[in-house]
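In: below is the sequence, then the predicted model.
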Amino acid sequence: MLIAHRIALDPTNVQRSRFAQAAGTARFAWNWALSQWRRRYEAHRADPDLPLPDEAGLRRALNAAKRSGFPWMYEVTKCAPQEAVIDLGTAFRAFFEKRGGYPRFKKKGAARDSFCAANEAGTFPVEGRRIRLPRIGWVRMREELRFSGRPKRVTVSRRADRWFASILVETDDIGPLAHPAEVVGVDLGVKTLAVLSTGETIPGPKAHTRLLAANRRRSRALSRKRLGSANRRKAKARLARLHARIANIRRDATHKATTRLAKTYRRIAVEDLNLRGMASNRRLARSIMDGGFYDFRRQLECKARMYGSTVVLADRWYPSSRTCSGSRFGQGRTGAVAADLPLRQLRLHPGPGLERRTEPGEDRRELRGDSLWRGALWPGSHEPGETGPGEAGTGRHGCAALLRNRQLCVGSGERNATEDAGRDSGPTSQPMTASQTRRRAVSYRSAEVPGSKREYSGTRLWREVPVPGQDHTSNPRNRRVSTSRSTSRRKGRCPGPCA
């Protein structure tokens, strides 16, 4: 098995200069080969008798031209320009196989500085915490190579102001494992990095969110520096170090989570997310990209092959929300799929600890007591002690929701807090005092009321229903009653569908 180990280097100042010189040579060889590739391809299109460009031909042409045209290439190892041309050929093969885009030119300061060396006849031996690179000498490493085997290739790259060596090793140290668990489902999210089907949550570091203020300060400081000045170079290095820190924090959390999943479960199910479409939401794009969902899936698939696990991709178009799961509560027809399910409409089967609000002739809509739902709409109800439709104290439709495991129902717009507190509400049938009642305005865009074709938008009022066994007066937040927007109280009308 081929596996790469990325190790931080501890070079001297002279070695740093040699690294930068070799990286610049590799960048020049890449750009030269790409321009030659384009020129030869255009010549082939004009005259089909001419050969197509290929990697081997470009390498021979570079060896023939560098003695007279680029004599400074002999100051660095020959592996730097030759491996750059080989990488260009690999990039074109990926482009022809629809696995990547068309190769582009590299610009100094914008592209990642790197160069490669192949281990031919002991080009770069590794001994403990040091490695010998051609034309550079022995370079200290921050740690030893973790895998035993023959090194095949090394890539020296720079990130911010640090240099790293990625050593590709052919080893048999990693193989399939005996997994203690059978199967698990992984749901990636914004609030937490992942939620497992077992109920376990994997918290995310949210590195970019945590360091966003520092990122903005350093970006502003960089924009104020004069182009070409030493202060601008220092500010650019400080900003690069911060971005490297953010990436390292995110990469560390992803590596730990994916390694544990691959070593613990034999089958792992993840959703095939449309990250490009999700990132188009300007309000959530930063949080979505901060999670690193693509890298999470890539690492999980790679480590699953290493440890003998299987990754199953759930179809993104599978109607999981519209599929009935009523058999869990002994009702409904399992497997039935609803024709349509708007974003604000939830049709759920009854569960424990719910406030039922129905209307004669309408299907009952209820909420489970252990979920978090906001904006679930369904027709209103008439229960003992409540007034009928059109009368004072209730509206034509009712709403209910569950927020943080507290039962909520719609407060009427035609009563004030004191009148609402005097009515029996919720499953306890105990009158609520003014200190136990509070109103909350919840904004939304639009919603569709089940049983009708009416759409509306505005502000809803929620009134908390006491839960049995809990002392609501002990909570300081329940001792005050807040008012909603003036539009909610205008002419005593309910802001929801009751209006």
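Out: Right, received. Where do you want to start? Residues are numbered from 1 along each chain as shown.
In: residue contacts, the nearest residue to residue 113 once chain neighbours are set aside?
Out: Of all residues not flanking residue 113 in the chain, residue 23 sits nearest, at 3.8 Å (CB to CB, 6 or more residues apart in numbering). Just so you know, the C-beta spots here come from the backbone N, C-alpha and C atoms, and that holds for glycine as well. By CB atoms under 8 Å, 6 or more residues apart in numbering, the contact set of residue 23 is 80, 113-115, 156, 158.
In: distance of residue 23 relative to residue 14?
Out: Note on residue 23: its distance to residue 14, by CB to CB, to the nearest Å, is 15 Å.
In: ok, now residue 131?
Out: 16 Å.
In: same check, this time on residue 292
Out: Taking CB to CB, one finds residue 292 at 37 Å from residue 14.
In: more crowded one of the two?
Out: Set residue 292 next to residue 14 and count neighbours by other CB atoms under 10 Å: residue 292 wins out with 22 against 10.
In: contact partners for the residue nearest to the more buried one when sequence neighbours are not counted?
Out: Closest residue in space to residue 292, ignoring its immediate chain neighbours: residue 250 at 5.0 Å, by CB to CB, 6+ apart. Counting by CB under 8 Å, 6+ apart, residue 250 makes contact with 205, 207-208, 290, 292, 295.
In: how about residue 274?
Out: Residue 274 neighbours (CB under 8 Å, 6+ apart): residue 316.
In: can you tell me how far it sits from residue 191?
Out: According to CB to CB, residue 274 stands 19 Å off from residue 191.
In: same deal with residue 172?
Out: Distance from residue 172 to residue 191, by CB to CB: 41 Å.
In: again, but for residue 145
Out: From residue 145 over to residue 191 (counting by CB to CB), the distance is 39 Å.
In: go on, residue 220?
Out: 29 Å.
In: rewinding a little: element containing the residue nearest to residue 292, please.
Out: Element membership for residue 250 (DSSP states H and E) is helix 230-264.
In: per-domain residue ranges of this structure.
Out: What automatic domain parsing lists as the domains of the chain is 2-170, 181-314, 326-492.
In: where along the stretch 1-150 of the chain do the strands fall?
Out: 2-10, 114-118, 126-127, 130-133, 137-141, 150-159 (DSSP state E, counting those that start in this stretch).
In: then the stretch 251-400 of the chain?
Out: Here the stretch 251-400 of the chain has its strands, by DSSP E, counting those that start in this stretch, at 265-271, 310-314, 377-379, 397-403.
In: buried ones in the second one?
Out: For strand 310-314, the neighbour count (16 or more other CB atoms under 10 Å) marks residue 311 as buried.
In: tell me the mean pLDDT for it?
Out: Strand 310-314 carries an average pLDDT of 92.
In: quick check: neighbours of that strand in the sheet, parallel or antiparallel?
Out: strand 265-271 (parallel) (DSSP bridges).
In: can you name the residues in contact with the partner strand?
Out: 179, 181-188, 197, 261-262, 297, 300, 304, 308-314, 316.
In: can we see that at 10 Å?
Out: Applying CB atoms under 10 Å, 6 or more residues apart in numbering, the set of residues contacting strand 265-271 from outside is 176-188, 194, 196-198, 258, 261-262, 293, 296-297, 300-301, 303-304, 307-316, 318, 320.
In: cool, and stretch 217-237?
Out: For stretch 217-237, the external contacting residues (CB under 10 Å, 6+ apart) are 109, 160-161, 211, 238-243.
In: quick check on those: which are buried?
Out: 160, 211, 239-240, 242.
In: OK, contacts around the closest residue to residue 316 other than its chain neighbours?
Out: Using CB to CB, 6+ apart and skipping residues adjacent in sequence, the residue nearest residue 316 is residue 272, 4.7 Å away. Counting by CB under 10 Å, 6+ apart, residue 272 touches 297, 313-318.
In: same check, this time on residue 240
Out: Applying CB under 10 Å, 6+ apart to residue 240 gives the contacts 158-162, 218, 222.
In: can you flag which of these belong to helices?
Out: 218, 222 (DSSP state H).
In: ok, so of the contacts of residue 240, who is nearest residue 7?
Out: residue 162 (11.2 Å; CB to CB).
In: how far away is the closest residue to the closest one other than its chain neighbours from residue 145?
Out: Closest residue in space to residue 162, ignoring its immediate chain neighbours: residue 8 at 6.1 Å, by CB to CB, 6+ apart. For residue 8, the distance to residue 145 (CB to CB) stands at 13 Å.
In: which stretches of the stretch 1-150 of the chain form helices?
Out: 13-46, 55-69, 79-96 (DSSP state H, counting those that start in this stretch).
In: the second one - what's its average pLDDT?
Out: Mean pLDDT, taken over the full extent of helix 55-69, equals 93.
In: what sits up against that helix?
Out: Contact with helix 55-69 is made by 25, 29, 32-34, 36-37, 40, 51, 53, 70, 72-74, 78, 81-90, 92-93, as judged by CB under 10 Å, 6+ apart.
In: beta partners for residue 8?
Out: Going by DSSP bridges, residue 8 forms beta bridges with residue 164.
In: thought it was touching residue 161?
Out: No - contact criterion CB atoms under 10 Å: residue 8 and residue 161 do not qualify, at 11.6 Å.
In: low pLDDT regions in the stretch 151-300 of the chain?
Out: Of all residues in the stretch 151-300 of the chain, none has pLDDT under 70.
In: quote the end-to-end distance of stretch 139-151.
Out: Using CA to CA, to the nearest Å, the end-to-end distance of stretch 139-151 comes out at 16 Å.
In: mind listing what's buried along that stretch?
Out: 139, 141, 145, 147, 151.
In: again, but for stretch 45-54
Out: Buried residues in stretch 45-54, counted by 16+ other CB under 10 Å: residue 53.
In: kindly report the same for stretch 129-140.
Out: Buried residues in stretch 129-140 (16+ other CB under 10 Å): 131, 133-134, 136, 139.
In: kind regards, and thank you for your time.
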